[in-house]
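> Test case, fold it:
(one chain, ligands or ions: 1)
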Amino acid sequence: MQDPIVKIEKLSHRYTNSWAIRDINMEIGRSGIVGLLGSNGAGKSTTMNILCGALNQTEGNVFINGINMREHPERAKQEIGFLPQNPPLYMDLTVDEYLYYCAGLRRMPDQKVDEAVKDAKLRCGIDHFGHRLLRNLSGGYRQRVGIAQAIVHKPKLVVLDEPTNGLDPNQIIEVRALIKDIARDRAVIFSSHILSEIQLLCKEIKMIESGRIVFADTMDAFNNYVEPHSVLIHFENPPSASELQQVQGVTKVDYLTERQVRVYFSGDQEITERLVTASVQYGWRLREISLDKTALDEIFKQLSTQKK
Ligand SMILES: Nc1ncnc2c1ncn2[C@@H]1O[C@H](COP(=O)(O)OP(=O)(O)OP(=O)(O)O)[C@@H](O)[C@H]1O
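Below you'll find the predicted structure:
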């Protein structure tokens, strides 16, 4: 396996007197979108700000492409493009002026700047807005300019802190498509407090709650984790537990009332079909059946209490 683009070791940060993040460890590969999911105040921005060298951590280490951010910040930052939660956009500059200014901050060689700005504008769909003042752009286009400044120096890693926050639904769709596009040739870390957004965009998910990582795996593993493993059934003529356990896939049966049963199963979703068939065959008179999907809030709670 290739070396990770990001390696975080035992990262902790304390603001004045309380810890915002504790003991975070993670590795991030060189391509695709990794989602950092967490509710408000979970510690996403703190982690991202440290990762990008905008904040000095209290404890632990961050390596970007093998370079220690604390020891060699200038070199490490060359590998990163960052769109913070409140991007520093200068409203009195035109798009071109702003992107040239950002390329300058990145210490790009002069002869490469024209082409780099042109490429970033094209990639972000703002090439026709070069002379427009930032203050006269819509929220969605300002966000595109923010993403353009994050990729102008062609970094290997782009970090986007809640980039769709505050946008209208159409702008959200456009910005998500842009993020997918820029992730084709680099790693992207993307934070959000919206699970469905992370599910839509990311191949991997790191979930953070109260400053700790509570889940880190592929999106597929996460989706399996939150898949329902039980169904709720109402029978008019309820079978016994042992009769229900004869149905292939059923692992456990709990009677909630005389006629209402929670049936646990393992494996595939065809369980509902098999239960309906058995009910017809044996005359159990099934009135209602529904998947028992635990509320996501509940899963968040379970994950955060399990790993504390
Ligand atoms: N500058 C600061 N001084 C003191 N406490 C802070 C500061 N910045 C953040 N915090 C606290 O640290 C914790 C983590 O905040 P952080 O901004 O990293 O979370 P977040 O997941 O990005 O949340 P949000 O989505 O609301 O931005 C919170 O309890 C927050 O109140």
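
> Could you check how far the nearest residue to Ile172 once chain neighbours are set aside is from the ligand?
Leaving aside its chain neighbours, Ile172 sits nearest to Thr164 (4.6 Å; criterion: C-beta to C-beta, 6 or more residues apart in numbering). Just so you know, the C-beta spots here come from the backbone N, C-alpha and C atoms, and that holds for glycine as well. To the ligand, Thr164 is 12 Å away according to C-beta to the nearest ligand atom, to the nearest Å.

> Thr47 too?
Distance, Thr47 to the ligand, by C-beta to the nearest ligand atom: 7 Å.

> Just confirm that residue contacts Leu36, I think it does.
Yes: using C-beta atoms under 8 Å, Thr47 is in contact with Leu36, at 6.9 Å.

> Any figure for the gap between Ile233 and Arg262?
8 Å (C-beta to C-beta, to the nearest Å).

> Nearest residue to the middle of this structure?
What sits nearest the mean C-alpha location of the chain, by C-alpha atoms, centre = their mean, is Gly35, with 2.1 Å.

> Which residues does stretch 129-137 contact?
89-96, 98, 121, 141-142, 145 (C-beta atoms under 8 Å, 6 or more residues apart in numbering).

> Domain-wise, how is this structure divided?
1-79+155-227+295-308, 87-150, 228-292 (automatic domain parsing).

> Flag the shaky bits of the stretch 51-200 of the chain, pLDDT-wise.
Residues of the stretch 51-200 of the chain meeting the criterion pLDDT under 70: none.

> follow-up on the earlier one: let me know the helix or strand that the residue nearest to the centre of the chain is in.
Applying DSSP states H and E as the criterion places Gly35 in strand 32-37.

> ok, that strand: who's next to it in the sheet?
Strand 32-37 sits in its sheet next to strand 187-192 (parallel), strand 204-209 (parallel), going by DSSP bridges.

> Please spell out which residues along the following helix or strand past the first one are buried.
The one in question is strand 187-192. Using DSSP H and E, the helix or strand that directly follows strand 187-192 along the chain is helix 195-201. By neighbour count on 16 or more other C-beta atoms under 10 Å, the buried set for helix 195-201 is Leu195, Glu197, Ile198, Leu201.

> Serialize the residues you listed to CSV and add fields for distance to the ligand.
As requested, the buried residues of helix 195-201 are exported to CSV (distance: C-beta to the nearest ligand atom, whole Å):
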residue, distance to the ligand
Leu195, 14
Glu197, 13
Ile198, 13
Leu201, 17
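
> Could you report the pLDDT at Lys308?
Per-residue confidence (pLDDT) for Lys308: 46.

> Is Pro87 part of a helix or strand, or is it coil?
Secondary structure, DSSP: H, G, I helix; E, B strand; the rest coil: Pro87 is coil.

> Contact partners for the residue lying closest to it once chain neighbours are set aside?
Spatially, and ignoring its direct neighbours in sequence, Pro87 is nearest to Gly146 (4.2 Å; C-beta to C-beta, 6+ apart). Residues counted as contacts of Gly146 (C-beta under 8 Å, 6+ apart) are Leu83, Pro87, Leu89, Pro163.

> By neighbours, which of those residues wins?
Highest neighbour count within the contacts of Gly146, by other C-beta atoms under 10 Å: Pro163, with 28 neighbours.

> Quick one: residues contacting it.
Taking C-beta under 8 Å, 6+ apart as the definition, contacts of Pro163 comprise Leu83, Gln143, Gly146, Ile147, Val175, Ile179, Phe190.

> Quick check: the last one touching Leu201?
Yes: Phe190 sits in contact with Leu201 when judged by C-beta under 8 Å, with a separation of 6.4 Å.

> what do these two both touch?
Common neighbours of Phe190 and Leu201 (C-beta under 8 Å, 6+ apart) are Ile33, Gly35, Ile179.

> what would the residues you listed look like in a markdown table with distance to Leu133?
Listed next are the shared contacts of Phe190 and Leu201 as a markdown table, based on distance: C-beta to C-beta, whole Å:
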| residue | distance to Leu133 |
| --- | --- |
| Ile33 | 31 |
| Gly35 | 33 |
| Ile179 | 25 |
